[in-house]
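> Pasted the sequence and its predicted model underneath.
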Amino acid sequence: QVQLAESGGGSVLAGGSLRVSCSVSQFTRSMAWFRQTPGHEREGVAAIRTDSTTFYADSAKGRFSISKDHAKNTLDLQMNSLKPEDTAMYYCAASFAWLIDDALWPHRYESWGQGTQVTVSS
């Protein structure tokens, strides 16, 4: 089981930026960020594989960037041009599988962090 711990969430005004980080015990073949709001299913935001291939939800393209920092052992998500609809609990996840079309499917991930809240106000 991979240990994951998110940090960096908070409150920001619409149009602002925020960077959330996930401390990881190890990097796996596929890693991702998901988000969830009350009463809704967990939604894939961005994913990255060990070959540095990235995947983004349409809602995140052009605004969010996923990256890995091997020196710090973190999985990061840089979020720019934030909108109120980006408000959610953000989770990082890890999978030992080599994901392709299913890189943003939550059920393909075995390990999850506890989440960090991001709130964007207008």
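Received it, and whenever you're ready, just let me know what you need.
> Give me the three-state assignment for the residue nearest the centre of the chain.
By Cα atoms, centre = their mean, the chain has its centre lying nearest to residue 33, at 1.9 Å. The three-state assignment at residue 33 reads strand, by DSSP: H, G, I helix; E, B strand; the rest coil.
> any idea how far residue 73 is from it?
Distance, residue 33 to residue 73, by Cβ to Cβ, to the nearest Å: 16 Å. In short, each C-beta sits where N, CA and C put it, glycine included.
> Repeat that for residue 64.
With distances taken as Cβ to Cβ, residue 64 is found 21 Å from residue 73.
> So the two - more neighbours on which side?
Taking neighbours as other Cβ atoms under 10 Å, residue 64 and residue 73 compare with residue 64 leading, 20 against 13.
> which phi and psi does that one have?
Main-chain torsions, residue 64, degrees, to the nearest 10: phi -110, psi 150.
> ok, residue 83 - contacts?
14, 120 (Cβ atoms under 8 Å, 6 or more residues apart in numbering).
> how does it look with 10 Å?
14-15, 59, 63, 120, 122 (Cβ atoms under 10 Å, 6 or more residues apart in numbering).
> got it, and residue 9?
Residue 9 touches 18-21, 88-90, 115-119, counting by Cβ under 10 Å, 6+ apart.
> what would the residues you listed look like in TSV with neighbour count and secondary structure?
As requested, the contacts of residue 9 are arranged in TSV below (neighbours: other Cβ atoms under 10 Å; DSSP: H, G, I helix; E, B strand; the rest coil):
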residue	neighbour count	secondary structure
18	20	strand
19	14	strand
20	24	strand
21	20	strand
88	21	strand
89	18	strand
90	23	strand
115	20	coil
116	20	strand
117	13	strand
118	21	strand
119	15	strand
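> Could you identify the most distant pair in those residues?
Farthest apart among the contacts of residue 9 by Cβ to Cβ are 21 and 119. That separation is 17.2 Å.
> Is the nearest residue to residue 49 once chain neighbours are set aside bridged to anything, and to what?
The shortest distance from residue 49 to any non-neighbouring residue, by Cβ to Cβ, 6 or more residues apart in numbering, is to residue 30 (5.3 Å). According to DSSP bridges, the residues that bridge with residue 30 are residue 49, residue 95.
> Cool, thanks, signing off.
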